[in-house]
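# can you look at this prediction? I've put the sequence above it.
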Amino acid sequence: MTTTLSGIVAYPITPYTADGEKIDTAALHRLLDRMIDAGVDAVAPLGSTGESAYLTDDEWTCVASETVAHAAGRVPTVVGVSELTTAGTIKRARIAERNGASAIMVLPISYWKLGPEELRQHFTAVAESVSLPVMVYNNPATTGIDMPPEFLVDLVDTVENITMIKESSGDIERMNRIVELGGGSVPFFNGSNPLALRAFEAGAAGWCTAAPCLVPEQVVEFWRLLRAGETAAANELFERLQPLLTLLVSRGLPATVKAGLRSLGVEAGDPRRPMLPLEASITTELTDLISAVRN
């Protein structure tokens, strides 16, 4: 467990062929190259952006293996392994490990709302099934399960392989509390796009974001400016980014990112049903916001 993550963790969409029946691996490779060449610090396939919950087992394995192989060690790979059951999540975690992933990300998925002990046993079993670092992921808006900072920090403290937290509740006070509880030593990653600047100011180790699918150079430059202490320039760039970041999460990331890519001449298919493509009026607004950031 030597992987140390920080900076921009880019979340690729999962591209489909025109008929929606297969994974378009060539398009996935092009997207990965674009983000890696722009300077992102890691790639994280098969999160919410990557439609992990909508893929068959074979499709999931294809995206995981193709991403790790194509990244080829240029940047770390954080593979989302979440599945409805603990056994299914462990199976995916082991596939990710066999394929050479740098780390795994685990989001609790459940039909029945899980209690603290059920969550603890789930995360512990997954972490103990592999030797990879585990990013435990809190996203109550998509899962209906809200894990407080106290629970998350305790997992990092007590389960050996769980080494980092992705906090996507959109509450900056949660991040401040993680810093307080962990004494500043628990790496946490912001998963709420509009909060990126404030999260870094609070001590976030990185920003997990789909925005590099569309504007990779600008997202990387924002992080470079922050690291260099050029705060005024970073703030100015983030002001340009923020309207786009807000729109991206307003309609569901697979739909907005794929519509944005299409506007850039990059075809990645439509999101998988029951999700629908982005409405024409919102696509026009999205296109204008991308242009405003890139120009």
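Yes, it's here.

# from here on, contacts and neighbour counts on C-alpha atoms
OK.

# distance of S52 from A101?
To A101, S52 is 16 Å away according to C-alpha to C-alpha, to the nearest Å.

# so which of those two has more stuff around it?
Legend: neighbour count by other C-alpha atoms under 10 Å for S52 and A101, higher for A101 (25 against 21).

# hmm, the more buried one is touching G80, no?
No. Between A101 and G80 there is no contact under C-alpha atoms under 8 Å: 10.1 Å.

# show me what the top helix by length along the chain is packed up against.
Longest helix of the chain, by residue count under DSSP state H: helix 231-248. If contacts are counted by 3 or more C-alpha pairs under 8 Å, 6 or more residues apart in numbering; DSSP states H and E, helix 231-248 sits against helix 216-227, helix 253-263, helix 280-294.

# need the CA coordinates for the second one. CSV is fine.
Output of helix 253-263 as CSV, limited to C-alpha atoms (Å, rounded to 0.1, in the frame of the first residue of the first chain):
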residue,chain,number,x,y,z
LEU,A,253,-23.0,13.6,-14.6
PRO,A,254,-23.3,10.9,-17.3
ALA,A,255,-25.8,13.0,-19.2
THR,A,256,-24.1,16.4,-18.9
VAL,A,257,-20.5,15.1,-19.5
LYS,A,258,-21.6,13.1,-22.6
ALA,A,259,-23.5,16.1,-24.0
GLY,A,260,-20.5,18.3,-23.3
LEU,A,261,-18.2,15.9,-25.1
ARG,A,262,-20.5,15.7,-28.1
SER,A,263,-20.4,19.5,-28.3
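
# which residues touch G20?
Going by C-alpha atoms under 8 Å, 6 or more residues apart in numbering, G20 touches G269, D270, R272.

# how much space between the second one and H29?
By that I understand D270. 18 Å.

# which of those two has more neighbours?
D270 (24 against 16).

# just the pLDDT for that one.
Note on D270: pLDDT of 96.

# would you say E267 is within a helix?
No. In this structure, E267 is coil, not part of a helix, as judged by DSSP: H, G, I helix; E, B strand; the rest coil.

# no more questions from me, cheers.
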